[in-house]
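Could you look at this predicted model? Sequence included:
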Amino acid sequence: IDCCDHNKTLCFVSFVFFGRNQMRLVLSMAALSCMSFSYRGVQAFQTVARTSSRTGSIHAFGLPSARMGNVAKKSDYLTKVFSSVENEVDPGEVEGTDLRVLKYPHPSLRAENAEITEEELADGSIAKIAKEMLLVMYAAEGVGLAAPQVGINKKLMVYNETGDKKKWLQEIVMVNPKIVEFSEAIDDATEGCLSFPDMGGDVTRSKWIKVEAMSLKGKKIKKRFKGWEARIFQHEYDHLDGVVYIDRLSKEERKEVQPQLDILVEDFGEDGAL
């Protein structure tokens with residue numbers, strides 16, 4: 001393990017055995033301060049192929065399946081440190097859109113979000129917004145973005161679990177999403193957020209969820225997400241309820257980020273929504 005205080009990066013080299021005489025080398029690099037939806041390099045984990053055998057599998061982000069016995073017991077620990085190599089960036093102006101990432105304590109992050117109507121879907125306005133949100137998300141080196149984060153108080157989210165715009169087939173757009181079932185099993189991992197630059201903290205989430213939503217064409221969607229994708233969805237879904245990740249921090253971790261929050265509040269000025 002090589003730890004560098006400058007970029008707070010740990011490099012893990014893990015040897016994972018699959019049955020008899022089979023071995024996979026898992027290379028994972030984790031930025032301790034900001035695992036989640038707001039940084040560059042999630043694609044680094046795509047170097048770990050989705051492999052499987054009769055005894056287990058390795059997912060794209062390097063976590064073993066529950067079928068791998070003792071190795072599986074390490075998954076929660078690896079989840080905590082799995083992240084990208086570098087922090088998110090503030091993209092500023094993004095070509096192709098006027099949308100911008102709003103920073104805490106902008107009132108849009110706490111405002112009520114309206115359900116999207118069939119008429120809005122039919123006229124193409126929501127599809128246009130979703131396309132521009134993806135542009136902003138990629139420019140910010142993120143993997144997910146909710147409409148309130150760009151000042152649009154509607155129940156709309158976009159994400160791409162790879163964070164790679166070249167893998168556009170993995171882009172997900174959810175209209176009026178809702179979580180209909182949470183697993184009792186939970187895990188903790190460090191999350192960051194594009195609206196809270198240069199900070200992060202441990203957040204407890206359900207390991208799997210069942211969701212319902214609509215597509216941009218108005219088609220009903222029912223899905224079950226687990227692991228990384230479930231965490232992304234829960235994070236973005238919180239935004240649609242006016243909840244931000246700092247609301248889920250422990251008292252100790254909230255105290256740690258409070259100086260940075262105070263700076264954001266001061267920079268925003270009056271009328272901020274705390």
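That came through, no problem.

Just checking: what are the partner strands of the helix or strand containing residue 172?
Assessed by DSSP states H and E, residue 172 sits inside strand 171-182. Sheet pairing here is set by DSSP bridges, and for strand 171-182 it gives strand 156-160 (antiparallel), strand 208-214 (antiparallel).

all strands for the protein, in order.
Listed in chain order, the strands of the chain (DSSP state E) span 2-4, 9-17, 23-31, 39-40, 51-52, 57-58, 86-87, 144-146, 156-160, 171-182, 186-193, 196-206, 208-214, 220-226.

mean pLDDT lowest for which of those?
The minimum mean pLDDT among these belongs to strand 57-58 (a mean of 28).

where in the chain is pLDDT low?
1-88 (pLDDT under 70).

one step back: with respect to burial, which of the strands paired with strand 171-182 scores highest?
Mean neighbour count (mean count of other Cβ atoms under 10 Å) peaks for strand 156-160 among the strands paired with strand 171-182, with a mean of 25. Every residue, glycine included, has its C-beta placed from N, CA and C.

got the contact list for it?
With Cβ atoms under 8 Å, 6 or more residues apart in numbering as the test, strand 156-160 has contacts from 37, 116, 126, 129-130, 133-134, 137-138, 143-147, 167-168, 170-177, 232-233, 236-237, 239-240.

Please repeat the previous calculation with a cut-off of 7 Å.
116, 126, 129-130, 133-134, 137, 143-147, 167, 170-175, 177, 232, 236-237, 240 (Cβ atoms under 7 Å, 6 or more residues apart in numbering).

try stretch 165-176
For stretch 165-176, using Cβ under 7 Å, 6+ apart, the contacting residues are 115-116, 121, 126, 130, 134, 138, 155-162, 213-216.

Good, wrapping up.
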